[in-house]
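Chemist: Sequence and predicted structure, then a few things I'm wondering about:
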Amino acid sequence: MSAHDTAPPRIGIDALVGRLQRVQKTGNGWRADCPSGHKTHGTLSIAQGDDGRALLHCFAGCAVADVLGALGLSMADVMPERLRDDSPDARRAARERFRLASVSAAAGVLALEVELVLIAAADTAQGIPLTDADLARLAEGVERITAAREVLA
């Protein structure tokens, strides 16, 4: 298994649905009464994510943690547990993935900020004065370029 593999949730979707009242199958999941105690029926939508996690939404506004708590469950019960490979090779590979993601993000920031500078330069060349908001955004761009440069150093 790789470092990104996950184990199944502690409680399966069928067991979760089995704890609910007035369950009806829908196209890609179920609808049921929310167990949080409000009187509206059929407000809880339940589906299963690609990774096995339970996807819950109460249309009456109940928080997912409250819905699960009313069933005697916690978020950990319905989320897949991440399996970790703590070997030196896996840690080294994870550091390399992080480094590459950081470089990619920094390059994206630089590309965006260069575009901003080019627009400001073109406006200035055409005699269009920069507003206070423009100058503030350019100052923010300088900070972002500096931060990206530190990532790349």
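Modeler: Received, thanks.
Chemist: so L100 is in which element?
Modeler: In the assignment (DSSP states H and E), L100 maps to helix 88-125.
Chemist: for that helix, packing partners?
Modeler: Under the contact criterion of 3 or more C-beta pairs under 8 Å, 6 or more residues apart in numbering; DSSP states H and E, helix 88-125 touches helix 132-152. C-beta coordinates here come from the backbone N, C-alpha and C atoms, glycine included.
Chemist: Tell me how many other residues crowd L152.
Modeler: If you count neighbours by other C-beta atoms under 10 Å, L152 ends up with 12.
Chemist: Surely it is in contact with A106?
Modeler: Yes: the criterion here is C-beta atoms under 8 Å, and L152 meets it with A106 at 5.2 Å.
Chemist: Most remote residue from the middle of the chain, which is it?
Modeler: Most distant residue from the mean C-alpha position of the chain: G127, 43.4 Å away (C-alpha atoms, centre = their mean).
Chemist: okay, the angle between the helix holding L100 and helix 132-152?
Modeler: Using axes from the mean of the first three to the mean of the last three C-alpha atoms, to 10 degrees, the direction of helix 88-125 lies 150 degrees away from that of helix 132-152.
Chemist: In helix 88-125, which residues are buried?
Modeler: Of all the residues in helix 88-125, those buried under the rule 16 or more other C-beta atoms under 10 Å are 106, 109-110, 113, 116, 120.
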